[in-house]
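*Asks:* sequence-free structure coming up:
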């Protein structure tokens, strides 16, 4: 993408209105004490809040066309919701269902889209949350450990059965439907009812307790074919790419919240009879965080805009955003803990929720380091040979 | 080297006495204005000062055995002199003649050693100043562009003639004797009179003007054999290894001087009606420089001690020291320029002498990056495969 | 970006340039005559007001105009030689000058007939610009009388070629320092102004020292109120920071392009550690470019944000790191320099000459135009609202401050 | 290092241990009886004075003693469980305690019969320790009377297992804050001391909050002068920083060993960027180890340097960077944690459990035992002699400070 066709990197008024609605809901329904209580409970996702966000606010249907009951909006609007769920460390499967699973279904025009758009159905893409989006070799990167097996006697014609395991799936525990990429001849994408026989989900103790993961085991689970071959591979690749970009936007929100929380704290906290925010070394470090946020924001907006316009520069934009926002979020969260001093190191203070969301998000869909390696390939900066023996 | 046999990393009283003598001489004879004037002159090395340091103070003979008129001291003492020549950005070929050339000759017991020890003779090793010491494959890394040719009619038996070029040789312009590694059958080390016919030295405009480089061209220059085959390769490798270690010590001196100069300046310089050194952000940055210096000092001492004891851990110690001291010196010098503000950016202020010595020194004998790559090989941390295509 | 102001405007504007070119053949006209005519037609800088070289349009439309003129082979005003005039003096004159000053100065400024320089920093007033000591004393007379200025300024680019200097001077030492400053345009060609080259660590004398010894400044050349110089200077500095840190560049524009090219062209110089630094800096540079672009879009839409300070800070860091990388990547060549001879370059370039020069020159990027330390203070205090440093120096009369 | 004190000493000392072991068969003796005998023979910590578990020898000789005892299968005092006693309380008691206090406390401290903890930080007094609010009021009586202490302390490791707490309390609010503090050893087992677990972001409650409600402290358990507590506390803190940052380790000891092992064992997880970080951190960790070793040599030779602050700062940075690297190197496993259940671990370990725990725990390394920010201040002001922060809080009575 050349400078001549640089997209608008600002937020539109409609996007700001959407942001305000989401922020108000999350501030009201998911304040820090509620989240801290939730992660100690047996169900760390707030299903009721998710239904409100998905259905009433319409966040679940943003990317879905109007013909399926969605808003027909773009990744620009979806990005704004991701920023807000990041800011709030919201315990809802927005990224998992409204981005990952939804994008995997978009091209198929499958009937599930209507349920997703209304918020009646929640779905998850059964792929490891750590998985990198495929960059240059989509086919090779999409191998799945799940295999389809011939349909059982009496199964309808579009049904097969799936067996295999997928570790560390995000959003699976709350999902009604699991979208399962499976290898066979050829690669396919299938829908599996999460309560069907042969489906078992084992909760994982995740580093980010607000985003529960689960290990999925399928043992002859009945499945409905969504897409086969190249369309299936494309659907999964598109979902991972969009997921990485929207997660980057989520991380921008995390970084912004960390900065705001820290700035507010250092203005209040007094040591040596002065606000600690009057100490220049801390001021300069917070200025550095703010600078990192301004940079990350531009990268996040560019990725959202490229995705919205299906721009050929999208792989570069997503790798840039995932690396920049991941590092900004971790930087901001680590400074948030540090500059809160001892209190930021306690369980009772929400700083750790932001830190764990930041660090987990930076690793999900590939670390900043791996995204820079992809970037190097995309922009023609090949690696050096091993020189340790010279 | 295990923790049980950790050498003494402190400075002995004898070393401190030597340091004081060298520091006094250099402060007296090579103050900043003198060096600034020298680098604008046609001869940027101070020959008279070098003769005093080499002969009267005895710096040239530290590494040379008493049987050749030297002090029979060790690399620990030599390191202290290097720290001081670094501190002063001294325009003398201590590293070039008293370390590089001297170490190349040590094992041969050649007659030149007596002249070097007394300061009567100055020598240079004709090898590119940027050359890495060989780590794991000494032979392969020592290929030379100079070739020996059969002796001319009438040449004495131990004489041959050399032809070829060596770019960017340090200390060659002031040297009486050039020690030239040459390929042939086999690799050899030769002594060439720098004023002999067939020897031409073209001065190079060097980034560190206090350390002039020259491009050497030999065209049938008469040469005397010093060592042949494995002993020659070993002599050159030992010289490069010792050179890298002593250069690291020199860089420790550069870093220390930068820190001292900057601390003194920020205590004096007032802006906003306060010393700028009272601003906490600057204080913390200077504390970081001091921390880097304390770390670099330990690495430099360890390298000197390992060399002194011919410890098998020497390759690790030298790579560590060259990387750590190079980065500390550049860090300290860059902060020196920055924290002096505009004045540090001018030609009249000596900060740039330190900056150029620091940056050049970090690149000579291999950048910190290349030394870390060697280290990775030495300690068994192999590189990763190229993953940009994943 | 053209869409932002509507395609009708851009099309109409292009047509207007073509109409102008139909009447003014650049091949047939004297260069200055052509530039004067272009200015008078409002096609110099279309975002300036009518009558002052512009048409009161969006700033973003200018690139279309420049492209039309370039395509037609029109002479340029050599913007690379008059950067201070275009980037700092002109916006200041537009914002704070009288209509008479605007008419008098902007046309020859834009055509390059009159070069401008900036007389702000002093040896004792760098980061603490408001502490400056150059005095200007008023002498009554007809037309408001005149001022006599005495003092020493440093870090003055182009002073030896300048007709005018943007001068910040102390006109009242008896009030706190920020309140006692006044802003002038000083005639640099008078005898009382002496310009001496100031040599940098690169060997060049890109800057100058300027000595004012009872230099005369008519009161009509005062910009803004007496005692109001600090506010005017802040406007100039904001424009300087945007000029240094925020230039529009294509992908791989600037220092990153040089480093990436060397990497691609010299596989034998590559090392793994340098690759990691390079790709980090490539990503940083591209993200910084996007952030500058976003800032420009906000400015064009009348939503100025505080991100300009971030751009300058980021630019300096990336430029310095890239220059260091490029030098280390140069291998043995990195130990060489091209030339230490004292020279006075005709224009400023961060990207000229060889890697050694670029490495050294880049060290200045975090000093010139507001040090990175001062910009961090600006961000912390003005953007984040953190408490200001305790300042003993802002409430007492300047003359009573310790020095 | 044995050479430093002369081989005769080391040999003689080894012989003395062997003689002791000949008379005291660890296999045949009660564990505590053995430890008491070892203490009484001066073989507990040989650099302590005779009569207090030592022989007045060089600290460096201790490792030879420990090695002899270990080789003979002697029981240890489980130093990993009584780190605060050994690292902080003992040096403080030795430096500032009365002979009676030394005799009373050091023996059970060393054997582990009495566990010590540290009651310094408060919710409102972290970096600004001298601003603490826990009050101790004197009540006259025989033997100097006693004190009654009330207040809240935080970040107290081992408080739930401790017999004694090193308490810093305010005994005079009417003088400036540093002058009104006194140092005590408080009996932690009394009713008036309540210990509550304080949970960290790791899920563990490694630390505690301690509430003192009119806790009684006999005046004989005061350490140092009334009003002289700040000086005593400084000694304790210096020892704490050395204990955290300066432990003697072999090459690849600590976090670097874990990261290097994962690198070597999992080629499939390697990426080029992580390699660059790993080898940088390997070099940093090894250099930091050498610097700590150099510091220990200086201390042993009676040349204490200020490098202890550097060790703590460097340790925290390297540990944090390595823990982050190890987590990222873990691949998909890095998104998992072992257990968030609230637990009270028996001992503190930076290197225990899995990478997720180590990453989170390491964030505390730059906060506990003096934040890295405070240590930077210490270096800048006490080592480099830069001007102190302007302090409004050091000259007015504590009670008049804003809070």
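*Replies:* Structure received. What you see is a predicted model, and the numbers here were worked out from it, not measured in a lab. Numbering: from 1, shown residues only, chains lettered A, B, ... in the order given.
*Asks:* quick one: residue C:356 from chain D, how far?
*Replies:* 25 Å (Cβ to the nearest Cβ, to the nearest Å). Placement of C-beta: from N, CA and C, glycine included.
*Asks:* mind checking the SS state of that residue?
*Replies:* Reduced to three states with DSSP: H, G, I helix; E, B strand; the rest coil, the structure at residue C:356 is helix.
*Asks:* what of residue A:376?
*Replies:* Following three-state DSSP, residue A:376 is assigned to helix.
*Asks:* does the residue nearest in space to the middle of chain C sit in a helix, a strand or a coil?
*Replies:* Nearest to the geometric centre of chain C sits residue C:240, at 4.0 Å (Cα atoms, centre = their mean). Local secondary structure at residue C:240 is given as helix here, using three-state DSSP.
*Asks:* and what of residue C:209?
*Replies:* strand.
*Asks:* wouldn't it be in contact with residue C:157 here?
*Replies:* No. At 11.9 Å, residue C:209 and residue C:157 do not qualify as touching, with contact defined as Cβ atoms under 8 Å.
*Asks:* around residue A:78, count how many other residues there are.
*Replies:* Residue A:78 is surrounded by 28 other residues when neighbours are defined as other Cβ atoms under 10 Å in any protein chain shown.
*Asks:* actually residue C:42, sorry about that
*Replies:* Under the neighbour criterion other Cβ under 10 Å, residue C:42 is assigned a count of 22.
*Asks:* who touches it in this structure?
*Replies:* Applying Cβ atoms under 8 Å, 6 or more residues apart in numbering or on different chains, we find residue C:42 in contact with C:48, C:50-51, C:53-55.
*Asks:* let's go with 6 Å and repeat that
*Replies:* Each residue near residue C:42 by Cβ atoms under 6 Å, 6 or more residues apart in numbering or on different chains is listed here: C:50, C:54-55.
*Asks:* next one: residue C:307
*Replies:* Taking Cβ under 6 Å, 6+ apart, we find residue C:307 in contact with A:294, C:295.
*Asks:* for residue C:91, see how far away it is.
*Replies:* 18 Å (Cβ to Cβ, to the nearest Å).
*Asks:* mind checking pLDDT for residue C:369?
*Replies:* The per-residue pLDDT reported for residue C:369 equals 84.
*Asks:* surely it touches residue C:240?
*Replies:* Yes. With the criterion set as Cβ atoms under 6 Å, residue C:369 and residue C:240 qualify as a contacting pair; they are 4.7 Å apart.
*Asks:* flag the shaky bits of the stretch 1-150 of chain C, pLDDT-wise.
*Replies:* Low-confidence segments of the stretch 1-150 of chain C (pLDDT under 70): C:1-8.
*Asks:* phi, psi of whichever residue of it sits closest to chain B?
*Replies:* The minimum distance from the stretch 1-150 of chain C to chain B, using Cβ to the nearest Cβ, falls at residue C:128 (3.7 Å). When quoted as degrees, to the nearest 10, the phi and psi of residue C:128 stand at phi -90, psi 60.
*Asks:* what's the answer for residue C:204, then?
*Replies:* The phi and psi torsions at residue C:204 (degrees, to the nearest 10) take the values phi -80, psi 160.
*Asks:* how close does the closest residue to it other than its chain neighbours get to residue B:36?
*Replies:* In space, and not counting its chain neighbours, residue C:204 is closest to residue C:343: 5.2 Å by Cβ to Cβ, 6 or more residues apart in numbering or on different chains. Here the distance between residue C:343 and residue B:36 works out to 18 Å (Cβ to Cβ).
*Asks:* quick one, helices of chain A?
*Replies:* Ranges of helices within chain A are A:13-29, A:32-38, A:47-51, A:75-87, A:102-106, A:112-118, A:138-141, A:230-268, A:280-308, A:314-339, A:351-363, A:368-378, based on DSSP state H.
*Asks:* in the third one, what counts as buried?
*Replies:* Across helix A:47-51, burial judged by 16 or more other Cβ atoms under 10 Å in any protein chain shown covers A:49-50.
*Asks:* by contact count, what packs against it?
*Replies:* Contacting helix A:47-51 under the criterion 3 or more Cβ pairs under 6 Å, 6 or more residues apart in numbering or on different chains; DSSP states H and E is no other helix or strand.
*Asks:* count the neighbours of the residue of the stretch 201-350 of chain C found nearest chain D for me.
*Replies:* For the stretch 201-350 of chain C, the residue positioned closest to chain D under Cβ to the nearest Cβ is residue C:276, at a distance of 4.1 Å. If you count neighbours by other Cβ under 10 Å, residue C:276 ends up with 25.
*Asks:* ok, the residue nearest the centre of chain A - contacts?
*Replies:* Per Cα atoms, centre = their mean, the C-alpha nearest to the average position across chain A is that of residue A:247, at 3.6 Å. Taking Cβ under 6 Å, 6+ apart, we find residue A:247 in contact with A:361, A:365.
*Asks:* write out the residues of the stretch 151-300 of chain A neighbouring chain C.
*Replies:* Near chain C, the residues belonging to the stretch 151-300 of chain A are A:263, A:275, A:277-278, A:283-284, A:286-287, A:290-291, A:294-295, A:298-299 when assessed by Cβ under 6 Å from any Cβ of the partner chain.
*Asks:* just the buried residues from these, in ChimeraX please.
*Replies:* Buried residues within these, as defined by 16+ other Cβ under 10 Å, are selected in ChimeraX through the command that follows:
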select /A:263,275,277,278,283,284,286,287,290,291,294,295,298,299
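*Asks:* what about residue C:98, distance to residue D:65?
*Replies:* Residue C:98 sits 88 Å away from residue D:65, going by Cβ to Cβ.
*Asks:* quick one on the thing from earlier: between the residues of the stretch 151-300 of chain A next to chain C, which is nearest residue A:106?
*Replies:* Looking at those and their distance to residue A:106, the nearest is residue A:299, at 24.1 Å (Cβ to Cβ).
*Asks:* what helix or strand is residue C:149 on?
*Replies:* Under DSSP states H and E, the secondary-structure element containing residue C:149 is strand C:146-153.
*Asks:* neighbours of the residue nearest to residue C:204, how many?
*Replies:* Neighbours of residue C:343 (other Cβ under 10 Å): 14.
*Asks:* check residue C:138 too.
*Replies:* Taking other Cβ under 10 Å as the neighbour definition, residue C:138 ends up with a count of 17.
*Asks:* over to residue C:194?
*Replies:* Burial of residue C:194, expressed as a neighbour count using other Cβ under 10 Å, amounts to 14.
*Asks:* picking up where we left off before, output the contacts of residue C:42 as a markdown table; include the columns secondary structure, distance to chain A and neighbour count.
*Replies:* Compiled in a markdown table, the contacts of residue C:42 are given as follows (DSSP: H, G, I helix; E, B strand; the rest coil; distance: Cβ to the nearest Cβ, whole Å; neighbours: other Cβ atoms under 10 Å in any protein chain shown):
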| residue | secondary structure | distance to chain A | neighbour count |
| --- | --- | --- | --- |
| C:50 | strand | 28 | 11 |
| C:54 | strand | 23 | 21 |
| C:55 | coil | 22 | 21 |
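*Asks:* need the residues you listed in CSV with distance to chain B, can you?
*Replies:* As requested, the contacts of residue C:42 are exported to CSV (distance: Cβ to the nearest Cβ, whole Å):
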residue, distance to chain B
C:50, 41
C:54, 35
C:55, 40
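*Asks:* check these against chain D and report the nearest one.
*Replies:* Using Cβ to the nearest Cβ, the contacts of residue C:42 come closest to chain D at residue C:54, 48.9 Å.
*Asks:* name the nearest residue to the closest one, sequence neighbours excluded.
*Replies:* residue C:48 (2.8 Å).
*Asks:* sticking with that neighbour, tell me its helix or strand.
*Replies:* Applying DSSP H and E, one finds residue C:48 in no helix or strand.
*Asks:* longest helix in chain C, please.
*Replies:* Every helix in chain C considered (DSSP H), the longest is helix C:272-300.
*Asks:* and the residue of the stretch 101-250 of chain A closest to chain C?
*Replies:* Of the residues in the stretch 101-250 of chain A, the one nearest chain C is residue A:248, at a distance of 11.4 Å by Cβ to the nearest Cβ.
*Asks:* can you pull the contacts of that residue?
*Replies:* Applying Cβ under 6 Å, 6+ apart to residue A:248 gives the contacts A:300, A:303, A:321-322, A:325.
*Asks:* with that, I have no additional questions.
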